[in-house]
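In: pasting a predicted model and its sequence here:
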Amino acid sequence: MPPMSHIDRVRKGLRMTTHAIIGTGKAARALAVLFHRQRLPVMIASRRGVDHAAAMIKDLDACVTAASMLEAFSMDVIFFAVPFPAFESVASLYPFWEGQVIVDMTNRCAAPGAVVEEREAGLSSSELNARFVRGAKLVKAFNSIPVDLLLQPVRADGYRRALLVCSDAPEASCVVAELAFRLGFLAVELGSLAAGDRVAQLASGLSLEAFIKHRRNPDS
């Protein structure tokens, strides 16, 4: 029997899905901690090398491991926790995108020049980024909550924070939404990249605190 493809494993659910985080900034660290809390295995990689990634997660347990960029790119679900201008250069390091789910955590508001480029092309920022990972399935998520709040998926009043998700691949969107729930958030799927990405941007003025509330179930 041939090995399962990335998207086949994704369709089978989280139990068979492998995860990686690209980046070693605050957002990458926060995401690694969330995986650590839920005992979900995840790799973390940096363009600066394995040792740099390992130093960032040395206080976390064995479910969070440092890896090379090549190892991280071979996972099923890959979080790009990098600045928006760095997305293309990171994606170009791997020429074999084929069915991986790429979670785009970037925000265009940090890159004014890129905003001009995307407007001229008539594309949202994630539609632009999707061009750099052709063959993969890009999902925009984990960018709609300020980094300082990523470590607080459940608010003090017991409600889950809403996390916005959009993608042109519905099956990939569902996987990321389910993973977000496992990590403590309430995922709100917005539809396609074109429709949802503009809403999901931090600069959109959307108040997530007022957008939706979900009382946490004690067993969730």
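Out: Sure thing, it's come through. Numbers count the residues shown, from 1 in each chain.

In: what residues of stretch 39-47 count as buried?
Out: Buried residues in stretch 39-47, defined by neighbour count with 16 or more other C-beta atoms under 10 Å: 40, 42-46. Bear in mind the C-beta positions are built from the backbone N, C-alpha and C, glycine included.

In: in which helix or strand would I find residue 138?
Out: Assigned by DSSP states H and E, residue 138 belongs to strand 137-140.

In: note down every partner strand of that strand and its orientation.
Out: strand 101-104 (parallel), strand 162-167 (antiparallel) (DSSP bridges).

In: I'd like the mean pLDDT over the last one, please.
Out: Spelled out, that is strand 162-167. Regarding strand 162-167, the rounded mean pLDDT is 91.

In: may I see the buried residues of whichever helix or strand comes after it?
Out: Once the chain leaves strand 162-167, the next helix or strand it forms, by DSSP H and E, is helix 170-182. Neighbour counts over helix 170-182 (16+ other C-beta under 10 Å) mark 172-177, 179-181 as buried.

In: just checking, what packs against helix 170-182?
Out: If you count contacts as 3 or more C-beta pairs under 8 Å, 6 or more residues apart in numbering; DSSP states H and E, helix 170-182 packs onto helix 6-12, strand 77-80, strand 101-104, strand 137-140, strand 162-167, strand 186-189.

In: neighbouring contacts of whatever helix or strand comes next after the second one?
Out: Elements were assigned by DSSP H and E; along the chain past strand 77-80, the next helix or strand is helix 87-91. Surrounding helix 87-91, the residues in contact under the criterion C-beta atoms under 8 Å, 6 or more residues apart in numbering are 22, 47, 80, 82, 97, 102, 104, 106, 129, 132-133.

In: wait, isn't residue 154 in contact with residue 161?
Out: Yes. Judged on C-beta atoms under 8 Å, residue 154 makes contact with residue 161 at a distance of 7.3 Å.

In: who has more neighbours out of the two?
Out: Taking other C-beta atoms under 10 Å, residue 154 and residue 161 do not tie; residue 161 has more neighbours (22 against 15).

In: measure the more buried one to residue 186 for me?
Out: Using C-beta to C-beta, to the nearest Å, residue 161 is found at 7 Å from residue 186.

In: compute the first-to-last residue distance for stretch 35-53.
Out: Taking C-alpha to C-alpha, to the nearest Å, the first and last residues of stretch 35-53 lie 15 Å apart.

In: give me the contacts around it.
Out: If you take C-beta under 8 Å, 6+ apart as the criterion, stretch 35-53 is touched by 14, 18-24, 28, 31-32, 56-57, 60-61, 63-69, 71-72, 75, 90, 93, 182-184.

In: just to revisit the earlier point, beyond the strand holding residue 138, next helix or strand please.
Out: Using DSSP H and E, the helix or strand that follows strand 137-140 in sequence is helix 147-150.
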